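>>> For reference, the sequence and a predicted model appear below.
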Amino acid sequence: MRLSPLLLGTLALSTPVFAEDVSYTVGDEAFTGYWAEAENPRGLVVIVHDWDGMNDYERQRADMLAEMGYNAFAIDVFGDDTPTETMDHRQAATGALYQDRERMRTLVEAGVEQALSRSSVEDMVVTGYCFGGAVALEMARSDLAGMASGYATFHGGLSTPEGQGWNGDEPPVLVLHGGADTSISMDDVATFATELEEAGNTYTIEVYSNAPHAFTVFGSDRYQERADVESWNSFSEFLDENLPG
C-alpha cells in the first residue's frame, strides 16, 4: 500500500506501546476490532471503519493516534462472517445497517464498551471514514451521544434519517469534506449545516478544494495528499480541544 510522503515519517514513528486485534462477541456473533495503546494516554479515540470493513487502514490510523498520545480502538460493525470483497458485498453490508438503525447503534455501543474496558482514560472522541463517518453521526444523534466529548467525520455520510434529528445538546461535531465529493454533495453539506445551525449545535465544517470522496485513503486513485494532511491536522486540533488530558 503506497503512502503519502508527508505521512511516511509519522507512520514510521507510529508505534503504540501495545497493539493487538481484539475478538469480541455481540450476542452470538463474532467481531474483530483493533486496540492501540498510548504510553501516557490523554484520551480515547474510537474509529469506525469504511464500507470495506475493519482492516489495515484503521489499524494504521489507530497506531498514528497512539503515537500522538491517545488510546485508540477501531471497532467492527460488520462482523467476522460479513463478506466485503466486492462492491455488492459492501453495498449489502452497509445497506443492512442503514435499514436497521437499532442494530447499528447496538453494534456501536458494543464496540465502545470494548474500548472503554481496555482504556485507562474514559474521555472519548468518536470518528469515522465514509460509511464510518455516518455511523459516528448516528451515535451522536442517539442516547449514547453523551459518552463522547466530540464526533468527527472524514468524507462521511451526512444525511439525517427520517424520524431523527439534532436537539442542540450533542457534543461538538467536526466535518472534514472534499469539495469534489460526488457521493456526498455540497448541497448535502449545506443541509447538514442548516440542521445543526437551527438546532444550536457546536460544529465545524472544513471543505478541501478539488478533493474527491475518500480523499484520505492511502494508495487509492482518490487519495489527495494536501487534503489528507490538512484534515488530519484539523482532527488533531479537535482532539486537543476535546481531549485535553
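Yep, that arrived.
>>> Please count neighbours and contacts with C-alpha atoms only from this point.
Fine.
>>> how much space between Leu176 and Val125?
15 Å (Cα to Cα, to the nearest Å).
>>> Looking at the chain, which residue reaches furthest from the middle?
What lies farthest from the middle of the chain is Asp28; by Cα atoms, centre = their mean that is 25.2 Å.
>>> now that one: how far from Asp80?
Counting by Cα to Cα, the gap from Asp28 to Asp80 is 12 Å.
>>> Then Phe131?
For Phe131, the distance to Asp80 - Cα to Cα - is 18 Å.
>>> if you count what's nearby, which of those two comes out ahead?
The neighbour comparison of Phe131 against Asp80 (other Cα atoms under 10 Å) goes to Phe131, with 22 against 15.
>>> which one is the more buried one nearest to, not counting chain neighbours?
Asp50 (4.9 Å; Cα to Cα, 6 or more residues apart in numbering).
>>> Make sure I have this right: the one you found is in a helix.
No - applying DSSP: H, G, I helix; E, B strand; the rest coil, one finds Asp50 to be coil, outside a helix.
>>> Touching the helix or strand harbouring Ala66 from outside, list them.
Assigned by DSSP states H and E, Ala66 falls within helix 56-68. For helix 56-68, the external contacting residues (Cα atoms under 8 Å, 6 or more residues apart in numbering) are 10-11, 13-17, 19, 34-39, 41, 45, 47, 49, 71-74, 217-218.
>>> Buried ones in stretch 174-186, by neighbour count?
174-181, 184-186 (16 or more other Cα atoms under 10 Å).
>>> just checking, Val22 is part of a strand?
Yes - with three-state DSSP as the criterion, Val22 is part of a strand.
>>> With adjacent residues omitted, what lies nearest to the residue most central in space within the chain?
The C-alpha lying nearest the average C-alpha coordinate of the chain belongs to Gly128 (Cα atoms, centre = their mean; 1.3 Å). Leaving aside its sequence neighbours, Gly128 sits nearest to Val48 (Cα to Cα, 6+ apart; 4.5 Å).
>>> Okay then, goodbye and thanks.
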